[in-house]
Each structure stands twice: as structure tokens, then as C-alpha cells.
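Peer 1: No letters, just coordinates:
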């Protein structure tokens, strides 16, 4: 087995994380928190018994081509001999126009594509989206924000990718620190050794800018190596920051990519607590399963569609992950999707989507927040089967909860809760499952329904 890529872009200081957490030798140590007892006779399947897929767009924001401005800042830190200093960033456009955002968003909506779209709140220190962007009028900025709100948000989670994606901001002054060092860059060393409170304060600053412009969200994306050396702190800080600013019930974050190998890419539910009480909590770590093969953050030579899925649908990273039934989240960077107006990454992505739809009929496009909610319900709902019924104690509601159990009979199924009684309709196959339906699966029954928060039960005789 080949070693998978452990995380995204520039992974740094592996040993430092393990040592700081007292977890040497366990790089990806997590704090799962509370779990209910397992029910051996009832399996929670993927939503609608389909495979979740999604697209993760990094480095996007309103108007500003983030990496055109980020590259010289990275070069200032890394020096004149660095790869960043050799990038032809002066040739890149300063803007990724809203006309392209509209073109991309409308095409994705027509294909049913969902995912995550970053909005860097203070992109590369050019200007704050809740104040002004030098080089653009206030009307242009307002129109760009409105386009994200109306076109992108219905199908895409909006994440801050920290505050600037480059230099660290002093949250007391709102200005970047004057030092140009790796310890003062979000992508690199600043987060190492930070406490939960420090990280939560920094995340909340970014989230409040998005709140000020009417772009609510339930998650955070880490830029570069942010949080890689403070993973337990990152998870808890995300939980606290997202809940405090937006009141999100199930915060989530995107930190890692496993672009090869057999390591699971399923979401990781962390820091679960209070499952039986009025204020259940958890945070979900969502993971991408592909590299950025659409053009990269630096308009590099793309890997191409075949790395995701070949034309015959038989191989490629997406095929591997889909065939083992795990959520398959692709990664791309907005700079490479636009690719200096050539739209190289967009064309590759369009071909990937076409191939996925041509070769698979059991995919379900999901936003990261939808996937996070499903996985929280999957892992944290207490399920108990008796002779005549299945009981659920759910800390979180879930729209397309799907379960399977062994049964030779064909009983009418009705989901009962203190709030409602819902009859489930039989359908002829798992491909036809929608909330409120069930089907036979050899000697098993599969049921899909809207799981309510709290207690509910499904009589099975």
C-alpha cells in the first residue's frame, strides 16, 4: 500500500504536532468524544443508499484573484530563490470577473453540482469585503457579494479561508503584523502551538466579516498548513467559533486531502458531547480525496480529467473511492479553474462531471454541511432494535437518514415521533429511495426517512 498524501498543499512540522499533543507516532490523532452503544442489527447506510460526491473550491473570493497577490507575499517570506519568486504572477489578472462566477455557478446548478466555495474575507490584504476593495467601486463589490449570495449559496457552503490567506492579522488592530516571516503567515507556522482560544478568536474574526456582508456559513477552510500542527485545538476552535458567530448546530472544517491510497476519506466526527441533553455538540472534519488536477493555485500544468476518472469510467481516483462507497470530494483552486481567462480548470471539471454522470447512476451531490450533518447523525444517533420495532435517539435531525435491517416480512412502515406520524411508501429499488420510502434488498429492508431530533421509532412487525 502506498502512503497517502496526508494533507493539503504544504504540510509542515509533523513531529511538532505529535510532540505538542503528547501523541508521538499518531499524526492524525483525533478526539472523537462521546458515542452511543453500537446496534449490531441495524446498519446506517449512505444517504438514499447513494455515494456522496462534492467539489471543494479553495482560494476563491469576490473579484480579487487571490493568488496573483499572494504569490509575491509568499516570495517575500521564502526568498528570491524560492519557487514562489519564479512564478509569473505579474502576468496573471488581478480580477476573476463575476461573469465567470455566473458562468460557473449556472453550469454547476444545471448539473446538480454541490460543494464548498471559499470567500477569503480580507483577500491577500487587498481590502476587507465588509469595507472596501481598492481598485473596485463599492457598487461592484456589493454586486459581487450579492451574486455569491443568490447564485452560489443555495448549492455551495461558504467558508472563510481564514482572514487573508497570506499574512496574519492582529485581531486587536485589524492590521497585518509587520514581520514577513513564516511565523506571521497563515499558511505556515503561525498556528503551531496556538491555544484553542487563540485559534477560535482568529477564526471568529474571519467569520464576522462574512456575517457583516450577509454570507452565513457552517464551516471553515484552513489555508495551506494552518492547523496542521495544532489539530485538537483546530477542531475545538472551529466548534466554538462557528457556533458563536453563526449559531451553527454542526460546525465542520476542511483541512486534509488523501489523494491516493486506501486510507478512509470518510468525514471524521470529533469532540462529540451532550448527546442526551438539550445542547448536543460536535465538529466534523471533511476530507478531500483528490489532488488539484484542474490547474492548481499557481496555474501550473494540470493533471487532467483522467486522474479523476478515465473516459471509460474504469479507473481514476474518483472511481476508486466511489467503488468503495465512501464520500468522494474533489479539490480545486479558483485561480486554476479560471486559469487566466482560459478556463482550463473549468473545462477539466466539466469533463469530470460528464464522465461521472455517464458511468454512475447512484451518486448524490452534497454540500459539506449536508455531508457533515449526515455523518454526525450516522455516528451519534443511538439505535436499538427489539422484536417489533427500531428505536432512535437522535441528537441531530437528518433529512435523508437511511438504514437497513434483516427482515423476511413486508410490513407497512410508519415512522413515529412525538411530533408526527409518517407512513413510508414502498419503492421497487434502492435507486428510487427518497425520504419517506423503503424497499426490499434480498432478505433485508432499506428505509429512508427524515430522522427527527430526539426520540422516534419504526415499528417493523
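Peer 2: Received it, and whenever you're ready, just let me know what you need. Just so it is clear, the model here is predicted, and its values are computed rather than measured.

Peer 1: measure the residue nearest the centre of the chain to residue 458 for me?
Peer 2: The chain has residue 368 as the residue nearest its centroid, 4.0 Å off, counting by CA atoms, centre = their mean. Distance, residue 368 to residue 458, by CB to CB, to the nearest Å: 29 Å. C-betas here are computed from N, CA, C, even on glycine.

Peer 1: repeat for residue 206
Peer 2: 42 Å.

Peer 1: Helices of the stretch 351-461 of the chain, residue ranges please.
Peer 2: With DSSP state H, counting those that start in this stretch, the ranges of helices along the stretch 351-461 of the chain come out as 368-380.

Peer 1: From residue 102, how far out is the nearest residue to residue 194 once chain neighbours are set aside?
Peer 2: Of all residues not flanking residue 194 in the chain, residue 230 sits nearest, at 5.6 Å (CB to CB, 6 or more residues apart in numbering). Separation of residue 230 from residue 102 (CB to CB) stands at 38 Å.

Peer 1: The two: who's more crowded?
Peer 2: Using other CB atoms under 10 Å, the more surrounded residue of residue 230 and residue 102 is residue 230, with 24 against 13.

Peer 1: Torsion angles phi and psi at the more buried one?
Peer 2: Main-chain torsions, residue 230, degrees, to the nearest 10: phi -150, psi 50.

Peer 1: same deal with residue 148?
Peer 2: Main-chain torsions, residue 148, degrees, to the nearest 10: phi -60, psi -40.

Peer 1: Please look at it and residue 155 and confirm they touch.
Peer 2: No: Residue 148 is beyond contact range of residue 155, at 11.6 Å (criterion: CB atoms under 8 Å).

Peer 1: okay, the two: which has more neighbours?
Peer 2: Neighbour tally, residue 148 and residue 155, criterion other CB under 10 Å: the higher count belongs to residue 148, 24 against 20.

Peer 1: Would you state the strands of the stretch 1-150 of the chain in chain order?
Peer 2: Secondary structure of the stretch 1-150 of the chain (DSSP state E, counting those that start in this stretch): strands located at 42-44, 51-58, 115-118.

Peer 1: Oh, that last question was meant for the stretch 301-450 of the chain, not what I typed.
Peer 2: Under DSSP E, counting those that start in this stretch, the stretch 301-450 of the chain gives strands at 328-333, 363-365, 382-385, 389-394, 398-406, 413-416, 421-426, 437-441, 444-451.

Peer 1: Could you list the low-confidence segments of the protein?
Peer 2: Applying pLDDT under 70 to the chain flags residues 1-29.

Peer 1: just the helices in it please.
Peer 2: 14-20, 66-78, 98-111, 138-147, 196-212, 231-246, 305-308, 317-323, 334-338, 344-359, 368-380 (DSSP state H).
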